[in-house]
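**Q** The amino acid sequence is not available; the structure is as follows:
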């Protein structure tokens, strides 16, 4: 129902609704303040006033208060909103492993694994996990490290094959005879190779060898096919009997093919495995050697660990020990077994422990100058030793 009233300032008639009673508004004609006559209980909400086809907005005191309150309230912005930091542990681990994997290829594997795990978590929970760029970089470095490691292994295997071929052809320096020092001699070992002898030693021959052979046969002692001894024994010089040094070279044929003399990297790994197996059987080897020593009234007083060594490019298994006969000074013994496909060449060095200063350095030089030139690659000429 419409309510009509006049402006007390200019007399302009104003028409409004009943529920506007008691409100204050501005006259549309003179802008003077008008209080709408009280007619009934009205709502305090703002309502439009129509004056001569003009729309007037009337606001209550409560609306003004709400607007003022709204103006004073802080506005929340994205910058003010705090978010939890994203987790980047896996991504960072992938990158670090990928970088270090350039030096240690084994770390390339965890770099790839961590990288894929990080990307998977980032895809599933992007608000919780981050570091996508780090994870991708770690993946790239990880895969690159694996590729380089594979190439390195292949190159190593191919290089070993080339080295083996060159060694078999005698084209590498480590298989070429070294220049002889002054007063040294080079002895040829039939069907084996060569060995250099210092002036303090000599190849066993002549009357001494004949006597030694007869005694060994009577005592059933095996005789090496090639012997180097202290100088003077061949001439039965009494002073020579005061010293003791031996270099023995012998060959044992195998029933089946074994490792080649100049082994590839793979064969060396296999030989090391065989050496580990031999260590388990070391007790049997010790029993055999000890039984032989006791047979001639001797004993083993010390054992060295069995090892695999590379001597002048040739792989050998070394067994070392000290033996003693009665009350004589202990003798240091070093046995080297060189696998050569269908045979094994045995090189044994020995000297009295009390004469170490005299022989240790000399025997080390003799060992480094030992050369096997009869390189075996197949079962042929088995009778030729």
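**A** Sure, I can see it. On a predicted model such as this, the values are computed, not experimentally measured, just so you know.
**Q** And the helices in the stretch 201-350 of the chain?
**A** Counting by DSSP state H, counting those that start in this stretch, the stretch 201-350 of the chain has helices at residues 207-219, 265-280, 282-295.
**Q** Need the contact partners of the first one.
**A** Contacts with helix 207-219, where a contact means CB atoms under 8 Å, 6 or more residues apart in numbering, come from 204, 221-223, 227, 233-234, 236, 296. Where C-beta positions appear, they are placed from N, C-alpha and C, glycine not excepted.
**Q** That one vs helix 282-295, what angle?
**A** Helix 207-219 runs at 100 degrees relative to helix 282-295, counting by axes from the mean of the first three to the mean of the last three CA atoms, to 10 degrees.
**Q** buried stuff in helix 207-219?
**A** Taking 16 or more other CB atoms under 10 Å as the neighbour-count basis, helix 207-219 is seen to contain the buried residues 208-209, 212.
**Q** Quick check: residue 364 is in a strand.
**A** No: for residue 364, which was evaluated using DSSP: H, G, I helix; E, B strand; the rest coil, the result is helix, with no strand membership.
**Q** burial of it, as a residue count?
**A** Using other CB atoms under 10 Å as the criterion, residue 364 is surrounded by 12 other residues.
**Q** what sits against it?
**A** Contacts of residue 364 by CB under 8 Å, 6+ apart: none found.
**Q** Repeat that for residue 87.
**A** With contacts taken as CB under 8 Å, 6+ apart, residue 87 has the following neighbours: 121, 128-130.
**Q** could you dump those to JSON lines with neighbour count, secondary structure and pLDDT?
**A** Putting the contacts of residue 87 into JSON lines (neighbours: other CB atoms under 10 Å; DSSP: H, G, I helix; E, B strand; the rest coil; pLDDT from 0 to 100) gives the following:
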{"residue": "121", "neighbour count": "19", "secondary structure": "helix", "pLDDT": "88"}
{"residue": "128", "neighbour count": "12", "secondary structure": "coil", "pLDDT": "86"}
{"residue": "129", "neighbour count": "22", "secondary structure": "strand", "pLDDT": "85"}
{"residue": "130", "neighbour count": "18", "secondary structure": "coil", "pLDDT": "85"}
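**Q** Of the residues you listed, just say which sits nearest to residue 25.
**A** For the contacts of residue 87, the minimum distance to residue 25 (CB to CB) is 56.7 Å, reached by residue 128.
**Q** So the closest one sits against residue 85, correct?
**A** No: using CB atoms under 8 Å, residue 128 is not in contact with residue 85; the gap is 9.9 Å.
**Q** Just give me the longest helix of this protein.
**A** When the chain is parsed with DSSP state H, its longest helix is helix 132-168.
**Q** quick one: strands adjacent to whichever helix or strand comes after it?
**A** Tracing the chain past helix 132-168, the next element assigned as helix or strand by DSSP states H and E is strand 185-189. When sheet partners are counted by DSSP bridges, strand 185-189 sits next to strand 193-197 (antiparallel).
**Q** and residue 365, what does it touch?
**A** By CB under 8 Å, 6+ apart, the contact list for residue 365 reads 196, 198.
**Q** Can you give me the pLDDT of it?
**A** Looking at residue 365, its pLDDT stands at 93.
**Q** now do residue 289
**A** Residue-level confidence at residue 289 comes out at 79, pLDDT.
**Q** quick one, what contacts it?
**A** With contacts taken as CB under 8 Å, 6+ apart, residue 289 has the following neighbours: 300, 321.
**Q** now the helices for the stretch 1-150 of the chain?
**A** Residue ranges of the helices in the stretch 1-150 of the chain, as given by DSSP H, counting those that start in this stretch, are 61-72, 89-100, 108-124, 132-168.
**Q** Just say which of the ones you listed is most tucked in.
**A** Using mean count of other CB atoms under 10 Å, the stretch among these with the greatest mean number of neighbours is helix 89-100 (a mean of 21).
**Q** circling back: quick one: distance of the longest helix of the chain to the chain centre.
**A** Average the C-alpha atoms of helix 132-168, do the same for its chain, and the two points are 12 Å apart (CA atoms, centre = their mean, to the nearest Å).
**Q** What of stretch 316-336?
**A** Stretch 316-336 sits 38 Å away from the centroid of its parent chain (CA atoms, centre = their mean).
**Q** So which bits of it are buried?
**A** When burial is assessed from 16+ other CB under 10 Å, stretch 316-336 yields the following buried residues: 316-324, 330-336.
**Q** Name the surrounding residues that touch it.
**A** When contacts are taken as CB under 8 Å, 6+ apart, the neighbours of stretch 316-336 outside the stretch itself are 244, 271, 275, 278, 285, 289, 293, 296-304, 306-311, 337-339, 346-356, 363, 367.
**Q** Are any of those residues buried, and if so which?
**A** Applying 16+ other CB under 10 Å to these, the neighbour count classes 244, 271, 278, 285, 289, 293, 298, 300, 306, 308, 337-339, 346-352, 355, 363, 367 as buried.
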